[in-house]
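K.L.:
A predicted structure for the sequence below; I have some questions about it.
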Amino acid sequence: MNRRDFIQLTSAGAGALLLPGMAAGGRVIAAEALLDPGLDLAVKKRLADAGLNAAKAKGATYADVRIGRYLNQFVTTREDKVQSIVNLESFGVGVRVLVNGCWGFASLGDASTEAQVAETAEIAVQVARANIALLDEPVQLAPQKGFGDVSYKTPFTKNLFEIPIKEKVDLLLSVNGAAMTNGANFVNSVLFMVNEQKYFASTDGSYIDQDIHRIWPTFTVTGIDRATGQFQTRNSLGTAKAMGYEYLQTTPPDRITGRPTTLFNNYYDMMDDATLAARQVKEKVKAKSVEAGKYDLVLDPSHLRLTIHESVGHATELDRVLGYEANLAGTSFATMDKWKSKTFKYGSPQVNVFADKVQPGSMGAVGWDDEGVKTKKWDLIKDGILVNYQAIRDQVHMLGETESHGCCYADSWNAVQFQRMANVSLAPGTQPLSVDELIKDVKKGIYIIGYGSYSIDQQRYNFQFGGQLFYEIKDGQITGMLKDVAYQSNTQEFWNSCVKVSDQRDYRVEGSFFDGKGQPPQLSCVSHGSATARFNGVNVINTARKV
Amino acid sequence: MAILSKEESKKLIDKVLAFSKADEMSVSISGDKGGNIRYARNSVSTSGQSANLSLAVTSIFGKRSGTTTINVFDDQSLEKTVRRSEEVARLAPENPEYVPLLGPQNYLETQTYNEATASIDPAYRAKLALDSIAICKKNSVNSAGFLENSTGFTAIGNSKGLFGHNQSTSIDFSVTVRTNDGKGSGYVVRDYNDVSKLNSGPLTQVAVQKAIASAKAQALEPGKYTVILEPTAAQELIRNMMSNMDARSAEEGRSFLGKKGGGTRLGEKLFDERITIYSDPMNAEIPGTPFVSGGGRPGYGDLLGGGGGGGSSTDGRPQEKVMWIDKGVVKNMFYSRFWAEKKGVKAIPAPDGIIIEGGNESMADLIKSTRNGILVTRFWYIRDVDRQTLLYTGLTRDGTFYIENGQIKFPVKNFRFNESPIVMLNNIEAMGKAVRTNGSLIPPMKIRDFTFSSLSDAV
């Protein structure tokens, strides 16, 4: 365990990241095997029925079977070298049962026969029975109608795994070349591509087949001033999307210009971004160190996504509010008395935050969640007031609701599903407002692009965020680059300092593979939409130190 | 089946190697079995069991390599896997940083395996959870805890005659106890190879005491304080620093060990002379794995081309006792095999766990000798803010207390800190006896001028 932690940290030091899809311990396969169709639908249904029938026969009042095949491809490079190309497959079955109000779960890798799935279901029943002695609160499961045989597929035009490896390698090496030509000292780049093939069946009568595709192109450019020994980095402003390889197409252009750097929406020009990153990282090394104090912050969606994630997304997860995550992630300040009051001012009247699992291209977009609930959109904060939480089938009764919100997820066939963050997004302003108009009356401010360092307490009050690019605003004008910037605030104070949100024209959806939660830990995919927003009088600290 | 003996592993690896037509081949096998139980609100929430076994084959032609894995071991399947890895290798791009496989190595016989831990069953896990919950119910407080045990093995072998096998066991326990009004919170965490050292009841009692004692916290102004960091609090910051001791990053000028004008700070005194940090896989308290295997199956090292000292599944370097910081002086950095060869130095891998030489004082002694200070049980959500200076931010959590004239006076509200372990290890006032914490031996530390930058309302 400690070894694994250390390797993760070591790798992070080399400019890399925790990799999604590794939790299931996938097997390495050849690239062309990523296109194998997997089990026939009829076979999956037979396997699932074997599990459901065995669970019922052993006394389960509810059961679901998830047959999961997870395909990942990672291409990693640095400068002019390919570091690795890895194709992973993980396949297995997870069975969850409810016996006398107690959950039980068991899983089996590479399950291929009805007898194996039935046996796995029986073990799940045994686990549930063993745990009943430790149970104080029997599960109350919200009713859910069966959907019969249905399916969902991520909309895309270019299948990630049909694109030859060479094309992917050529792209990354070209991106690295562009960065080096434009003055970078080092560059690491990565393409993450993931396909989740999930079959879900339950005793409610659902047989749901889903085929989810996701991509994340990213890089880190490092700039060094040898004379002073100072170094800075600038990460990619691309994001993770539920799309195919078309996310990397550069025509039609879907870029936002007229800002200090080019920003991207539904398509990402990685070459363009790397070229700019190399120039900007050199500028960043020599940039003015920020003077600590109060500033009006203008936050781009590429930055604001992480602040939304940490301060609203996690705070409104009902399991956290109730204490189920107290031992690791913590609880939440957004307690039920605040919600019940219907007057708790989470933010200013400009703040409208919604949850959803349906926005096109968002990382959370699926047809049904991992307990057979049709996905939807719902409000969390309306005109600044906390109005709801994120909850699943065994929780919604506590909110006086009878229908799950549809945000249950497991990151693998061998992990039990639980409440995970839906996409949580700040709605754009309803009045016409461009980013230029939003900036023009800022007297002393900082415009922040891209997400950087982030930290928040275990009840989601106090946070500190950095970024990738910081620009000083004086009297409505962007005057130059800053460095050593981080802002600290308290969630409620921060969202109440939101004075303006630009309109729909600037609305962008930014995603991640890395929402971590639970013990043992699971990763989940999530996106956060917003338009550029302004927050007045936020405390900015200077992070430079002498050591 | 999930755990193979040394003899079984050797036989299987030799069989796979015999199928090879590549220039070089490396085989690794890993397996584990174990389970967990999770509870919250004094009631079980989830539990599970798992068993995994897989074999990875890496074939190498020149500087091209290909890896495939399999979890069925009949002759036909194994041969097919070998052929597949050879096909993948032929199609792979050349890795300019490829280093030929190691030959036979001498590995230490580390004591990572414990029979009692390997015998844990679901009933025993439930008993440990019940012991913890019972104490919380008796004290009318709320518990949320997690217990996980694992038994695993890794075997590595290659066409140059290298072979290694290691079995290990682990048990990890943590519990957060909160008062019912949500105003107090306490925490305890332990990890061992040997389950007989774990007694969940008395440990939970410590968390209960902290929860009750930490209610009614008072606010102190943020600023620089003398702190006593319990080992749980100190370990993550120091481990983060250690993970940045990669030689290549330092020599490339992008780590805290990079030097103005080029070169590294190896040999420089960067810390207080009382700071000595080393690793030793033979240490009885924190026995380490005897060789580098990247975990035995394709892992982070492989995905990153075996970069840094983390190693890949084809690595095979022995883990030995290494001095990292001696009396404040940086003595060693860790290397990938490629970078060490390029630089003509010994390829020291990153360590499993670290040992910080502490003192003989108890926690009570450290508190007693403190005129004004803050006792920190634990830090939370630590993230790097500046990689150049290793500035980190994070928050105190689950038991933060004010000390005055040698006594704990009252609980205080949690703080956010912005501090660098480099500064921290220069501001040492005293250290207590080192104890096992997350696979390392870490002493409680008294540190002056620790920077708390804001207050948090979180409990």
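P.N.:
Perfect, thanks for sending it. Residues are numbered from 1 along each chain as shown, chains lettered A, B, ... in the order given.
K.L.:
what bridges to residue B:361?
P.N.:
residue B:432 (DSSP bridges).
K.L.:
Could you pull out the helices in chain B for me?
P.N.:
Using DSSP state H, the helices of chain B run over B:6-18, B:75-91, B:115-118, B:122-138, B:200-214, B:231-242, B:247-251, B:300-303, B:337-343, B:363-368, B:421-424.
K.L.:
mind giving me TSV with the ones you listed and columns for mean pLDDT?
P.N.:
Below are those laid out as TSV (pLDDT from 0 to 100):
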stretch	mean pLDDT
helix B:6-18	97
helix B:75-91	92
helix B:115-118	96
helix B:122-138	94
helix B:200-214	98
helix B:231-242	96
helix B:247-251	96
helix B:300-303	42
helix B:337-343	96
helix B:363-368	96
helix B:421-424	98
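K.L.:
Kindly compare burial across these and name the winner.
P.N.:
Mean neighbour count (mean count of other Cβ atoms under 10 Å in any protein chain shown) peaks for helix B:300-303 among those, with a mean of 26. Any C-beta I mention is one placed from the backbone N, CA and C, and that applies to glycine too.
K.L.:
So, low pLDDT: which residues of the chain?
P.N.:
No chain was given, so I picked chain A. Applying pLDDT under 70 to chain A flags residues A:1-25.
K.L.:
My question was about chain B, not that one.
P.N.:
Scanning chain B for pLDDT under 70 picks out B:1, B:294-312.
K.L.:
domain assignment for it?
P.N.:
Following automatic domain parsing, one finds the domains of chain B at B:6-210, B:217-280+B:321-459.
K.L.:
With chain A instead?
P.N.:
Domain segmentation of chain A under automatic domain parsing yields A:14-285, A:288-542.
K.L.:
Is it possible to get JSON lines of the ones you listed that adds distance to residue B:375?
P.N.:
What follows is the domains of chain A, written out as JSON lines (distance: least, Cβ to Cβ, whole Å):
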{"stretch": "domain A:14-285", "distance to residue B:375": "32"}
{"stretch": "domain A:288-542", "distance to residue B:375": "18"}
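K.L.:
hang on, the earlier thing: now the helices of chain B in TSV, with distance to chain A?
P.N.:
Listed next are the helices of chain B as TSV, based on distance: least, Cβ to the nearest Cβ, whole Å:
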stretch	distance to chain A
helix B:6-18	15
helix B:75-91	5
helix B:115-118	13
helix B:122-138	6
helix B:200-214	10
helix B:231-242	7
helix B:247-251	6
helix B:300-303	5
helix B:337-343	11
helix B:363-368	23
helix B:421-424	5
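K.L.:
Any idea how many residues pack against residue A:262?
P.N.:
Applying other Cβ atoms under 10 Å in any protein chain shown, we find 16 other residues in the vicinity of residue A:262.
K.L.:
Test my guess that it contacts residue A:270.
P.N.:
No: using Cβ atoms under 8 Å, residue A:262 makes no contact with residue A:270, being 11.4 Å away.
K.L.:
next one: phi and psi at residue A:417?
P.N.:
Per-residue torsions, residue A:417: phi -70, psi 150 (degrees, to the nearest 10).
K.L.:
what sits against it?
P.N.:
Residue A:417 makes contacts with A:66, A:96, A:370, A:371, A:408, A:409, A:410, as judged by Cβ atoms under 8 Å, 6 or more residues apart in numbering or on different chains.
K.L.:
Spatially nearest residue to the fourth one (excluding sequence neighbours)?
P.N.:
Read that as residue A:371. residue A:408 (4.4 Å; Cβ to Cβ, 6 or more residues apart in numbering or on different chains).
K.L.:
one step back: which one of the domains of chain B lies closest to residue A:225?
P.N.:
For residue A:225, the closest of these is domain B:217-280+B:321-459, at 9.0 Å, according to Cβ to Cβ.
K.L.:
For the closest one, measure first residue to last.
P.N.:
9 Å (Cα to Cα, to the nearest Å).
K.L.:
Stretch A:28-39 too?
P.N.:
End-to-end distance of stretch A:28-39 (Cα to Cα): 18 Å.
K.L.:
what does it rub up against?
P.N.:
Contact with stretch A:28-39 is made by A:47, A:67, A:69, A:71, A:73, A:85-89, A:91, A:159, A:161-162, A:165, A:195, A:197, B:56, B:67-69, B:84, B:87-88, B:298, as judged by Cβ under 8 Å, 6+ apart.
K.L.:
Let me know whether the helix or strand where residue A:278 lies sits next to chain B.
P.N.:
Following DSSP states H and E, one finds residue A:278 within helix A:270-285. No: Helix A:270-285 does not reach chain B (Cβ under 8 Å from any Cβ of the partner chain); its nearest approach is 10.4 Å.
K.L.:
and the very next helix or strand once past that helix, does that touch chain B?
P.N.:
Per DSSP H and E, the first helix or strand lying C-terminal to helix A:270-285 is strand A:288-289. No: residues of strand A:288-289 are not located near chain B by Cβ under 8 Å from any Cβ, the shortest gap being 11.3 Å.
K.L.:
For the helix or strand following strand A:288-289, output the C-alpha coordinates as PDB.
P.N.:
Going down the chain from strand A:288-289, the next helix or strand is strand A:293-299, by DSSP H and E. Extracted as PDB, the C-alpha positions of strand A:293-299 are listed here (Å, rounded to 0.1, in the frame of the first residue of the first chain):
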ATOM      1  CA  GLY A 293      -4.400  41.700  -0.600                       C
ATOM      2  CA  LYS A 294      -8.000  41.900  -1.600                       C
ATOM      3  CA  TYR A 295      -8.700  41.600  -5.300                       C
ATOM      4  CA  ASP A 296     -11.800  41.200  -7.500                       C
ATOM      5  CA  LEU A 297     -11.300  37.900  -9.200                       C
ATOM      6  CA  VAL A 298     -12.400  37.200 -12.800                       C
ATOM      7  CA  LEU A 299     -12.400  33.400 -13.100                       C
END
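K.L.:
rewinding a little: in a markdown table, list the helices of chain B along with distance to residue A:56.
P.N.:
Putting the helices of chain B into a markdown table (distance: least, Cβ to Cβ, whole Å) gives the following:
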| stretch | distance to residue A:56 |
| --- | --- |
| helix B:6-18 | 40 |
| helix B:75-91 | 35 |
| helix B:115-118 | 35 |
| helix B:122-138 | 23 |
| helix B:200-214 | 36 |
| helix B:231-242 | 46 |
| helix B:247-251 | 57 |
| helix B:300-303 | 42 |
| helix B:337-343 | 55 |
| helix B:363-368 | 55 |
| helix B:421-424 | 56 |
